[in-house]
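Visitor: Below are the sequence and a predicted model; questions follow.
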Amino acid sequence: MKHVFLCGNPALDLACTLRARRTERVETLDAPGRLDAWYVESAVADTLTPCGEADLAQAVAVREAIYALVTARLAGGPYDEKALALLNEAAGRPPAAPRLTPEGRWVEATPCQALSTVARHAIELLSGPDVPLMKECANPECTKIFIDRSRGGRREWCGMESCGNKVKAAAYRARRKARPAAAR
C-alpha cells in the first residue's frame with residue numbers, strides 16, 4: 001500500500017493514518033506489514049526489522065497520543081497527561097541512527113527505534129517554530145493536520161487532489177443548483 005505524506009512532518013503523517021476521524025473512520029495501519037511499509041515510505045527507515053502485533057499496537061497508541069497533543073495545541077488547551085507520558089516514553093527510547101554509506105544516507109531500524117524517531121519529531125514539532133503553521137484541513141470530513149508553508153500562509157486543504165477539489169466541486173454544484181433555471 002502506498003501511504004500519503006501531505007502533512008509536512010512524520011509525526012503529523014503518522015497521526016493522519018487514521019482518516020476521517022469524525023465520520024467513517026478509515027484505519028490504514030490495520031496490519032503489522034502496513035506499519036512496516038509506512039516507516040519505509042515515510043523515510044523514517046530504509047530497512048526495518050518486521051513489525052509484530054505488539055509493535056503495531058504501540059504505534060497506534062503513540063499515533064493517538066500525537067493526535068491528542070496536536071489537537072490540544074491547536075485548540076489552545078492543556079495537554080492530556082496520559083498522551084504526554086506515552087509520547088515522552090516512546091521518544092525516550094533509542095531512535096533509528098542514520099549511517100553514511102557510499103550510496104548516501106541509510107537507516108536500519110527496529111520498530112521501537114522507528115517509533116522513537118517519529119515521537120521525537122512530534123516533540124520537536126510541538127515545541128518548535130512550526131506550531132503557528134499547523135492547520136487542520138478545511139474539508140469538514142477530513143481530520144488531517146498539516147504544516148502550512150505556503151506563500152502567505154493561506155493553504156486550506158491537506159491536498160488539492162484529496163480534499164480541495166472535492167470541496168470546490170461541491171461548492172460549484174451547490175451554486176449551480178441555487179441559480180434560477182433561466183440564468184443557466
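Guide: That came through fine. Numbering: from 1, shown residues only.

Visitor: Tell me where this structure has helices.
Guide: Per DSSP state H, the chain carries helices over the ranges 10-15, 32-41, 53-75, 81-91, 111-126, 165-178.

Visitor: I'd like the mean pLDDT over the lengthiest strand in the chain, please.
Guide: The strand spanning the most residues in the chain, taking DSSP state E as the definition, is strand 104-109. Taken as a whole, strand 104-109 has a mean pLDDT of 96.

Visitor: In that strand, which residues are buried?
Guide: Neighbour counts over strand 104-109 (16 or more other CB atoms under 10 Å) mark 107, 109 as buried. Any C-beta I mention is one placed from the backbone N, CA and C, and that applies to glycine too.

Visitor: Would you mind putting the CA coordinates of that strand into PDB?
Guide: Below are the C-alpha coordinates for strand 104-109, written out as PDB (Å, rounded to 0.1, in the frame of the first residue of the first chain):
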ATOM      1  CA  GLY A 104      24.200   8.100   0.700                       C
ATOM      2  CA  ARG A 105      22.200   8.100   3.900                       C
ATOM      3  CA  TRP A 106      20.900   4.700   5.100                       C
ATOM      4  CA  VAL A 107      18.800   3.900   8.100                       C
ATOM      5  CA  GLU A 108      18.300   0.400   9.500                       C
ATOM      6  CA  ALA A 109      15.800   0.300  12.400                       C
END
